[in-house]
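Asks: Fold the following, please.
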Amino acid sequence: MSFMMLIVEPIGQRAQRTPEEGHAAYDSMMQFAADLKSRGLLQDAQSLKSEKEGVKLQVRDGRQRLLDGPYAEAKEMIGGFFLLNCDTREQAIAIAAECPAAQWCTVEIRELGPCFA
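Replies: The predicted structure follows:
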């Protein structure tokens with residue numbers, strides 16, 4: 001079964017770190033990903049840039065619209081993801097508990113599947 005593990009970060013948390021602290025956090029996540037890959041549990045993992053570099057898009061009545069704010073004040077952003085291949089939900093939860101980011105973020109675990117189910 002495939003599970004998406006989302007790294008949900010508080011907005012502004014990255015800016016509070018020194019460059020050294022940022023690199024150390026990133027390196028710990030890269031090591032975590034390498035370990036999952038060696039165990040055959042990781043399909044893909046990526047870090048995402050700041051929400052300030054993203055854009056929101058809507059299509060209404062056939063017309064595309066980019067939303068550039070103002071937005072409702074968000075307290076969190078998706079900072080990255082891990083796409084896991086696990087036997088059970090419990091295994092995905094156990095992997096999330098091993099994630100270094102769980103110490104400074106919230107880790108959300110979602111099974112992949114049709115949105116209508």
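
Asks: Show me what the longest helix belonging to the chain is packed against.
Replies: Determined from DSSP state H, the single longest helix within the chain is helix 19-38. Packing partners of helix 19-38 (3 or more Cβ pairs under 8 Å, 6 or more residues apart in numbering; DSSP states H and E): strand 42-47, strand 76-85. For every residue, glycine as well, the C-beta is placed using N, CA and C.

Asks: what are the pairing partners of the first one, and which direction each?
Replies: It stands for strand 42-47. Partner strands and pairing direction for strand 42-47 (DSSP bridges) are strand 76-85 (antiparallel).

Asks: Now Ile93: closest residue in space that isn't a chain neighbour?
Replies: Ile109 (6.0 Å; Cβ to Cβ, 6 or more residues apart in numbering).

Asks: Shouldn't the one you found be within a helix?
Replies: No. Ile109 sits outside any helix when classified using DSSP: H, G, I helix; E, B strand; the rest coil, being strand.

Asks: What pLDDT does the model give it?
Replies: Here the pLDDT value assigned to Ile109 is 97.

Asks: same question, Ala25
Replies: pLDDT, Ala25: 95.

Asks: Can you report how many residues lie near the residue nearest to it when sequence neighbours are not counted?
Replies: Once flanking residues are discounted, Ala25 sits nearest to Arg17: 6.8 Å by Cβ to Cβ, 6+ apart. By the criterion of other Cβ atoms under 10 Å, Arg17 has 14 neighbours.

Asks: Can you read off the backbone torsions of Arg17?
Replies: phi -90, psi 150 (degrees, to the nearest 10).

Asks: Per-residue pLDDT of it, please?
Replies: According to the model, Arg17 carries a pLDDT of 94.
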